[in-house]
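Student: Dropping the sequence and predicted coords here.
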Amino acid sequence: MPTDLPTGTSGSLLKFRILRSLDDLSDIERNWRDLENAASRKTSLFQTFDWCWNWCSAQKTDPESPWSITILTGWNDGQLVLIWPLALTEPGFLNVREAHWLGAPLTQYGDIIVAQNPASDAWIVEAWKVFLAQPDIDLLYLRKVRADAAIASFLDAQAYNLPAPQSAPAIDLTRFKNWQDLDASAKRKHRKDRARYRRRFQEIGSLQFEMFEPGIVAQQCARQALLFKKTWLKKYGYTSTLVNASAEDLVLQLARGGPKPVQCLVSVLYLDREPIAVEIGFGWKKHYYAHIGTYNPWFSKFGPGRLLMEEAVQALMARGFETYDLLAPADHYKYEWSNIEVDVRDHALPVTLRGVTHMGVYLKVIRPGMKSIYENLPTPLRNRLNGFAESA
């Protein structure tokens, strides 16, 4: 069991421990599961024990991983009441060490799990003071925090909101009696477009759809999804943090299943038994996260992604899911059926003066400017820059 940490305050309400290894996680597995079962939300998948264990397991097998596990846990009379899952980067720009949500870049919603208690807000403040006392952290860079997250009110009061807030559209499936009722809520133009896409495909072959639970087939389909993603990115000259060796290994591990399985569902749209679109999603408490959606770029004008989404939503309704979460950012195609939306923000909590400088200069000014310039470059020039970065 990890060593207790001093809180740095008198009259502290909790005892704190930092988990720094896969063995540390295993030591408190039962406590973690008890807390997540009692206090986690439908949007807490990325803070569950299984998600965090799989990510830590993948990092352990990657000798070049830049991350170190830094999970803060709070205990009240021997009972686990708070989990703040972070990972610490190696020194980067200006020699700054950033703490990110554990599981980045695959973690889509950052949050904590905290027991429901009148003192929970005070516990979060105490946990933050523990981070202030750590010598190896300059900045907490907390991305993709929902407005309804357990930690949202604390961050709104204490952290700096970074530029470019986003939103995450979703479909509340409980508002509809069945698929036909849901589809009727879409614009007539959208229904006509999908019908036209289907006719185009039927002119050249037969469409089939399947949704796979974790296993060998799901893993093979997930591998195909990553290939589609790479092809699309290269065609349009973009990069993605989801397409790197460590992230890919974790996605394939989750699709295959294992000793600590996450509810991974891989949906595939076939044309004459050849996959043309794949979606990798995850479930938690009847909330489905549409995590990675890809398709064969050759069929881009045929709308394979929209047809796959249509099939996936029907299958999820049949399985009893209550929410189809399209995640941030709020791309235009996500609004075809979405009927709920939540703000998603990035926050920064500087721990040292170096962290303050890094936030003010790099995260608030340089990084957004570089991103804007990059996204507006011609595709050939973006591809050249991407190639240079990969070879560096």
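Tutor: Good, I have the coordinates. Numbers count the residues shown, from 1 in each chain.

Student: CA only for contacts and neighbour counts going forward, please
Tutor: Fine.

Student: Do you have the strands of the stretch 201-350 of the chain handy? List them.
Tutor: With DSSP state E, counting those that start in this stretch as the criterion, the stretch 201-350 of the chain has strands at 207-212, 263-271, 274-284, 287-295, 323-325, 340-350.

Student: of all those, which lies closest to residue 66?
Tutor: For the strands of the stretch 201-350 of the chain, the distance to residue 66 is smallest for strand 340-350, at 20.0 Å, taking CA to CA.

Student: In its sheet, which strands sit next to that closest one, and in what direction?
Tutor: Strand pairing for strand 340-350, determined by DSSP bridges: strand 139-146 (antiparallel), strand 160-161 (antiparallel), strand 166-172 (antiparallel).

Student: Now do the contacts for the residue nearest to the spatial centre of the chain.
Tutor: By CA atoms, centre = their mean, the chain has its centre lying nearest to residue 108, at 1.9 Å. Counting by CA atoms under 8 Å, 6 or more residues apart in numbering, residue 108 makes contact with 46, 144, 327.

Student: got JSON lines for the strands of the stretch 201-350 of the chain, with distance to residue 22 too?
Tutor: JSON lines is the format used below for those (distance: least, CA to CA, whole Å):
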{"stretch": "strand 207-212", "distance to residue 22": "29"}
{"stretch": "strand 263-271", "distance to residue 22": "21"}
{"stretch": "strand 274-284", "distance to residue 22": "22"}
{"stretch": "strand 287-295", "distance to residue 22": "25"}
{"stretch": "strand 323-325", "distance to residue 22": "30"}
{"stretch": "strand 340-350", "distance to residue 22": "26"}
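
Student: Looking at those, which is nearest to residue 178?
Tutor: Checking the strands of the stretch 201-350 of the chain against residue 178 by CA to CA gives strand 323-325 as the closest, at 13.4 Å.

Student: other SSEs contacting the closest one?
Tutor: strand 166-172, strand 287-295 (3 or more CA pairs under 8 Å, 6 or more residues apart in numbering; DSSP states H and E).

Student: at 10 Å what do you get?
Tutor: Where contact means 3 or more CA pairs under 10 Å, 6 or more residues apart in numbering; DSSP states H and E, strand 323-325 is packed against strand 166-172, strand 274-284, strand 287-295, helix 304-318, strand 340-350.

Student: Just after the last one, pick out the following helix or strand.
Tutor: Downstream of strand 340-350, the next assigned helix or strand under DSSP states H and E is helix 353-357.
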